[in-house]
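Novice: Next one to model:
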Amino acid sequence: MVIEMENKITTYSEKETIEIAQNLESEKFPNMVICLEGDLGSGKTVFTKGFAQALGIEETVTSPTFNIIKEYPNGELPLYHMDVYRLDGKVDDLGIEDYYKVVSKDSKRLTMIHTFNMHDTLNKPAKNKVSAITVPIVKLPTRLVALEFKPGSDNTVEMYLDNGWQLSFRIHNASTKVEPSLKFDVQFVSMPMEVLNIECRWN
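Specialist: Down below sits the predicted model:
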């Protein structure tokens, strides 16, 4: 049996919209998806700013209209802010297995693009345009070389894989509240040279 319920909350200022987002953030869980629908200027990015602030993200949150995806990995959970309206239903534009990772550092006026071209589907020529650069194919790891604690740490483990991959895993408190709450962070320490790092600086 499926029970459908609809709740409507109306906000009348940016402050109220941010408060709603921050209240919703308290119910977060990994891989949570929130769909925001509305006209230009209706408060979608304002809502995202409030949600990001509650996650502890210090970066300035801006609309991903020109990026399609903006990634904010440094909160209690990573936040992926997507503008899927421009895809016009063509999810292939995002890449099913290969993808571009776009990281915007507004305080440094810098946008970084990383290429993860594991299956040779990125940057292919169009009918009337050929790319100026070639995106190398990246080899996926096939073997675990070593797994050990990071020197001087008792809560961070580093994983060394073949083909140039290295990751770190860190467990720490995700909340200052009384109840126990743990956060599990996974970060790239190093990546293969075939992963291009393209820096785009802007004024």
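
Novice: Quick one: low-confidence residue ranges for this structure.
Specialist: 1-7, 31, 64-69, 84-97, 172-184 (pLDDT under 70).

Novice: Strands of that one, residue ranges please.
Specialist: Counting by DSSP state E, one finds strands in the chain at the ranges 69-72, 79-82, 99-105, 110-116, 144-149, 156-161, 166-173, 182-190, 197-201.

Novice: Mind putting the ones you listed into a markdown table with distance to Pro30?
Specialist: From N, CA and C alone the C-beta is placed, and that goes for glycine too. What follows is the strands of the chain, written out as a markdown table (distance: least, CB to CB, whole Å):
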| stretch | distance to Pro30 |
| --- | --- |
| strand 69-72 | 15 |
| strand 79-82 | 12 |
| strand 99-105 | 19 |
| strand 110-116 | 21 |
| strand 144-149 | 23 |
| strand 156-161 | 19 |
| strand 166-173 | 14 |
| strand 182-190 | 9 |
| strand 197-201 | 27 |
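
Novice: closest one to Ala126 among the ones you listed?
Specialist: With CB to CB, the closest approach to Ala126 among those belongs to strand 99-105: 16.0 Å.

Novice: Can I get that closest one in PDB? Just the C-alpha atoms.
Specialist: Output of strand 99-105 as PDB, limited to C-alpha atoms (Å, rounded to 0.1, in the frame of the first residue of the first chain):
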ATOM      1  CA  TYR A  99      32.700  12.200 -16.000                       C
ATOM      2  CA  TYR A 100      34.200  15.600 -15.500                       C
ATOM      3  CA  LYS A 101      34.600  16.700 -11.900                       C
ATOM      4  CA  VAL A 102      34.200  20.500 -11.600                       C
ATOM      5  CA  VAL A 103      35.300  22.100  -8.400                       C
ATOM      6  CA  SER A 104      34.700  25.800  -8.000                       C
ATOM      7  CA  LYS A 105      36.800  27.800  -5.400                       C
END
